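Trainee: Using only what follows, build the 3D model:
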Amino acid sequence: MQLARVIGQVVATVKEPGLDSFKILIVRNIDPSAPEDETTEPPYVAVDLVGAGEGELVTVAQGSAARVPTATANTPTDSAVVAIVDTLAVDGAVTFEK
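Mentor: Residues are numbered from 1 along each chain as shown. Got it, this is the predicted structure:
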């Protein structure tokens, strides 16, 4: 899994039937030890399984792990938001708190 920040949302009126009940989010991976979500990685899309919103810190499952949840098992999914982070601690110090 990867830590990521939700930076936007994709609106698609026509999509694979298995995706009909999901939001599609734009997320960007973060380095939890870097200041202010500093990253050079490009953003990517992920299916939202937990109701995350823009600006939230989330965990993202990728590859076959994104298809493990029952909701996405038969849906073409490469990335899925599987948790919304409440608190993040790095080296014993809290670096993020919702």
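Trainee: who's in contact with the residue found closest to D91 once you drop the neighbours it is linked to in the chain?
Mentor: Leaving aside its sequence neighbours, D91 sits nearest to S33 (CB to CB, 6 or more residues apart in numbering; 7.9 Å). Just so you know, the C-beta spots here come from the backbone N, C-alpha and C atoms, and that holds for glycine as well. S33 makes contacts with V90, D91, T95, as judged by CB atoms under 8 Å, 6 or more residues apart in numbering.
Trainee: As a check, name the ranges of all helices in the chain.
Mentor: Under the criterion DSSP state H, the chain contains no helices.
Trainee: got any ranges where it has weak pLDDT?
Mentor: Applying pLDDT under 70 to the chain picks out residues 35-38, 67-73.
Trainee: what residue lies at the spatial centre of it?
Mentor: V81 (3.5 Å; CA atoms, centre = their mean).
Trainee: Would you check that it makes contact with L49?
Mentor: Yes - counting by CB atoms under 8 Å, V81 does reach L49; the two are 6.0 Å apart.
Trainee: Relative to the centre of the chain, find the outermost residue for me.
Mentor: G92 (24.1 Å).
Trainee: State the distance from it to P32.
Mentor: As defined by CB to CB, to the nearest Å, G92 lies at a distance of 13 Å from P32.
Trainee: swap in V58?
Mentor: From V58 over to P32 (counting by CB to CB), the distance is 13 Å.
Trainee: what is in contact with those two at once?
Mentor: L3.
Trainee: Neighbour count: these two, which is higher?
Mentor: Between V58 and P32, counted using other CB atoms under 10 Å, V58 has the larger neighbour count: 25 against 14.
Trainee: so what's A61 bridging to?
Mentor: Taking DSSP bridges as the rule, A61 bridges to A80.
Trainee: and it, what does it touch?
Mentor: M1, V68, S79, A80, V82 are the contacts of A61 under CB under 8 Å, 6+ apart.
Trainee: With I24 instead?
Mentor: Q9, V10, A12, K15, V45, A46, V47, D48.
Trainee: again, only using 10 Å
Mentor: I24 makes contact with G8, Q9, V10, V11, A12, K15, V45, A46, V47, D48, S79, V81, according to CB atoms under 10 Å, 6 or more residues apart in numbering.
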